[in-house]
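**Q** Just need the structure, nothing else, for what follows:
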Amino acid sequence: MTCDYNLLMDKAREASKMSYSPFSKFAVGAAVCAGSGKIYTGCNIENSSFGMTICAERCAIFKAISEGEKEISAVAIFSPNEDDCYPCGACRQVMYEFQGENEIEIITADKSGLNIRKMSDFLPFGFKI
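**A** You can find the predicted model right below:
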């Protein structure tokens with residue numbers, strides 16, 4: 001499934017505005033393109049009990065999975081606080097788990113435009129059961 005990466009990044013940018021990040025002040029939005037081609041968005045949601053916090057990427061992926069999707073083909077990540085906002089280790093493993101036969105493409109943005117990388121650039125030795 002091919003996704004429109006500019007649209008995906010626009011959706012991630014919009015989602016970052018919904019972030020609930022009173023502690024870190026680090027807003028993040030994500031948009032995932034599921035195997036069906038449908039786009040799901042998420043934002044980071046913090047909690048004073050930090051273990052209850054969820055990242056934008058996992059929020060969007062879990063929304064997709066809860067709606068019946070079984071694989072993710074691309075993930076766009078945006079933060080107004082940082083260029084080239086990368087996924088954390090937990091999000092990398094979750095992304096790896098839900099990629100299909102083709103590697104997930106991870107889209108970030110900086111002042112020069114979109115940067116497109118493969119999942120293996122972020123997690124070369126992920127695992128699945």
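**Q** For the rest of this, base every contact and every neighbour count on C-alpha atoms.
**A** Fine.
**Q** Tell me the spacing between Glu57 and Ile106.
**A** 11 Å (C-alpha to C-alpha, to the nearest Å).
**Q** Just say helix, strand or coil for the most centrally placed residue in the chain.
**A** Centroid-nearest residue in the chain: Glu57, 3.2 Å away (criterion: C-alpha atoms, centre = their mean). Recorded secondary structure, Glu57: helix (DSSP: H, G, I helix; E, B strand; the rest coil).
**Q** Spatially nearest residue to it, not counting backbone neighbours?
**A** With C-alpha to C-alpha, 6 or more residues apart in numbering as the criterion, Glu57 has its nearest non-adjacent residue at 5.3 Å, and that residue is Ala30.
**Q** OK, contacts around the residue nearest to the centre of the chain?
**A** Residues near Glu57 by C-alpha atoms under 8 Å, 6 or more residues apart in numbering: Gly29, Ala30, Ala31, Val32, Gly42, Cys43, Asn44, Val75, Ile77, Pro87, Cys91.
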